[in-house]
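Engineer: what's the 3D shape of this:
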Amino acid sequence: MAITGIPPYSHATPIECSVRCACGRRYLIFNPGAQSIGDAEGRARERAAEMHCSFINSARAPFKLCACGACLDFSPGESYEMVM
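Structural biologist: You can find the predicted model right below:
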């Protein structure tokens, strides 16, 4: 008997993602649009502090200028990219 109704993992929007700018600065992006349980944002903030990286809530700050001057696109979607 096959399990049905579970979407393929490759199509799931991640709740958080670690991204590195070309200059090496690291960001932890939290996607509040993904399915989450409990205080997912709080746990993501803690993980960002542990990783010594900047925390970004993609719903509140979809774009950010990195210290190097690169414009980073954190808008919710399949992938995150730098906009030059």
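
Engineer: just the helices in this protein please.
Structural biologist: Listed in chain order, the helices of the chain (DSSP state H) span residues 40-51.

Engineer: what is the least confident helix or strand in it?
Structural biologist: Ranked by mean pLDDT, DSSP states H and E, the helix or strand of the chain with the weakest confidence is strand 81-83, at a mean of 47.

Engineer: distance of Met51 from Ala44?
Structural biologist: 10 Å (CB to CB, to the nearest Å). For glycine as for every other residue, the C-beta is placed from the backbone atoms N, C-alpha and C.

Engineer: so which of those two has more stuff around it?
Structural biologist: Neighbours around Met51 and Ala44, counted as other CB atoms under 10 Å, are more numerous at Ala44. The numbers are 22 against 13.

Engineer: verify the stated contact: that one with Asn31.
Structural biologist: No. Between Ala44 and Asn31 there is no contact under CB atoms under 8 Å: 9.2 Å.

Engineer: which residues are common contacts for the two?
Structural biologist: Applying CB atoms under 8 Å, 6 or more residues apart in numbering, one finds that Ala44 and Asn31 are jointly contacted by 15-16.

Engineer: okay, stretch 55-71 in PDB with CA atoms only?
Structural biologist: Taking C-alpha atoms only, stretch 55-71 is exported to PDB below (Å, rounded to 0.1, in the frame of the first residue of the first chain):
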ATOM      1  CA  PHE A  55      18.900  36.300  10.700                       C
ATOM      2  CA  ILE A  56      16.600  37.400   7.900                       C
ATOM      3  CA  ASN A  57      12.800  37.000   8.000                       C
ATOM      4  CA  SER A  58      12.000  36.900   4.200                       C
ATOM      5  CA  ALA A  59       8.500  38.200   4.700                       C
ATOM      6  CA  ARG A  60       9.700  41.300   6.500                       C
ATOM      7  CA  ALA A  61      12.900  41.900   4.600                       C
ATOM      8  CA  PRO A  62      12.800  40.300   1.100                       C
ATOM      9  CA  PHE A  63      15.800  42.300  -0.100                       C
ATOM     10  CA  LYS A  64      18.900  43.400   1.800                       C
ATOM     11  CA  LEU A  65      22.100  45.200   0.900                       C
ATOM     12  CA  CYS A  66      25.100  43.200   2.100                       C
ATOM     13  CA  ALA A  67      28.100  45.000   3.700                       C
ATOM     14  CA  CYS A  68      30.000  44.400   0.400                       C
ATOM     15  CA  GLY A  69      27.300  46.300  -1.600                       C
ATOM     16  CA  ALA A  70      25.600  43.300  -3.200                       C
ATOM     17  CA  CYS A  71      21.800  43.300  -3.200                       C
END
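
Engineer: perfect, that will be all.
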